[in-house]
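Peer 1: Have a look at this prediction, sequence included:
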Amino acid sequence: MSTDILIRAPVGLVPVLIFLVVLLYMDSYKLVRLRTVLWVIGAGALMTVLAYFINGALLEWLQIDFKTLSRYVAPLTEELLKGSIIVLLFRLHRIGFLVDSAIMGFAVGSGFAFVENLYYLQSAGDAHVAVWVVRGFGTAIMHGGVTAIFAIMSQALTERHMKINPLLYVPGMFVAVTLHSAFNHFWLQPMQMTLFILLLLPPILYVVFRRSAAHLHEWLELDFDADAQLLEQINSGDFAASKIGRFLHDLREKFEGPVVVDMLCYLRLYTELALRAKGVLMMRENGLDAPIGERTREKFAEMEYLEGSIGKTGVLAMRPFLHMTRKDLWQLYVLEDRG
């Protein structure tokens, strides 16, 4: 291996990973685990392979030149492939705030760019080092940045919905594809475009992180009080006279007595775990780490059992009292991942 390759390889491969590490460091709540980020990077890398074959097939099928493909076709196929991972993370409730959407989006793009640059390193390893500066600091950061923007916009548009309308993903995808296509047009000189990205993207992500941190802090305070009040009602002697108690009493006409009892147990467990998750996040905000004990893991197992006993209809019936938004389900995954 030549000395030139030893210089070009880090320039082309390392910058995007360093940028991702900085984003993880900025995550004061530690919303995303390193293990999850590595899986997402791997998924992004897999999308590079799929994009290679899809773009190759489209190049032959559409009978277009490579420049047209890179400007108008590849941005669409590549952003759709990368965006599909983000959509899957939303559906699995693995994204709850703008911070983790930005990190996950950039992680997908990092995996994609890393494998793409590995391919170019093998096929054009003797290119001038300036080419690798552009690919490492420009193209790679662009891949991570536009996918992060798609994730951020999608999170902002869908965070209030449990069932997400696919149309809500369209604005973010349109922006990502447009920015990707604009980059591939090279209206500026490659080095100027690279500098433009490096000057533009960090301030955007910094504002997103600051805004998300403030939003998360406010949400934790408000929902913590609401969950604590609900748990107090459940455990109080006056529960039967409360709104939830009357609701469960009315459910006896539709569900058998033991099922209604399980519904009450499920409601209590869900609220206890939600409080525990918020407590963990509050401790992280203050630089502390809270280990998850065996009792918490047992509660997750018990809640899973109760879900089977109650059934989907029973869970849906209790949803108004469970605070079961995407954020609430996300916080349980935050807690479960540490179990």
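Peer 2: That came through fine.
Peer 1: Which helix or strand contains Met283?
Peer 2: helix 257-285 (DSSP states H and E).
Peer 1: Scan the protein for its longest helix.
Peer 2: Longest helix in the chain, counting residues (DSSP state H): helix 190-235.
Peer 1: Now do it: which elements does it pack against?
Peer 2: helix 3-26, helix 98-123, helix 129-134, helix 140-158, helix 243-251, helix 257-285 (3 or more Cβ pairs under 8 Å, 6 or more residues apart in numbering; DSSP states H and E). C-betas here are computed from N, CA, C, even on glycine.
Peer 1: buried sites along the very next helix or strand once past the first one?
Peer 2: Going back to what we said before, that points to helix 3-26. Following helix 3-26 in sequence order, the next helix or strand is helix 34-62 (DSSP H and E). Buried positions in helix 34-62, judged by neighbour count with 16 or more other Cβ atoms under 10 Å: 36-37, 40-41, 43-45, 47-48, 51, 54-55, 59.
Peer 1: With Asn184 as the reference, name the closest of the helices and strands packed on helix 190-235.
Peer 2: Among the helices and strands packed on helix 190-235, helix 140-158 comes nearest to Asn184, with 9.0 Å by Cβ to Cβ.
Peer 1: orientation of that closest one relative to helix 190-235 in degrees?
Peer 2: Here the directions of helix 140-158 and helix 190-235 differ by 30 degrees (axes from the mean of the first three to the mean of the last three Cα atoms, to 10 degrees).
Peer 1: got the angle between helix 140-158 and helix 98-123?
Peer 2: 150 degrees.
Peer 1: Okay, domains of the protein per the record?
Peer 2: Domain ranges of the chain: 3-208, 236-337, per automatic domain parsing.
Peer 1: which one of the ones you listed is the most hemmed in?
Peer 2: Across these, the average number of neighbours (mean count of other Cβ atoms under 10 Å) peaks for domain 3-208, which reaches a mean of 19.
Peer 1: Can you get me the centre-to-centre distance for that one and its chain?
Peer 2: 14 Å (Cα atoms, centre = their mean, to the nearest Å).
Peer 1: what pLDDT, on average, does it get?
Peer 2: Domain 3-208 comes out with an average pLDDT of 87.
Peer 1: State the distance from Gly44 to Val208.
Peer 2: 20 Å (Cβ to Cβ, to the nearest Å).
Peer 1: mind giving me JSON lines with the domains of the chain and columns for distance to Ala226?
Peer 2: Shown next, in JSON lines, are the domains of the chain (distance: least, Cβ to Cβ, whole Å):
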{"stretch": "domain 3-208", "distance to Ala226": "16"}
{"stretch": "domain 236-337", "distance to Ala226": "7"}
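Peer 1: one step back: what packs against the helix holding Met283?
Peer 2: If you count contacts as 3+ Cβ pairs under 8 Å, 6+ apart, helix 257-285 packs onto helix 190-235, helix 243-251, helix 294-322, helix 326-337.
Peer 1: Just the angle for it relative to helix 294-322, thanks.
Peer 2: With the same axes, to 10 degrees defining the directions, helix 257-285 sits at 110 degrees from helix 294-322.
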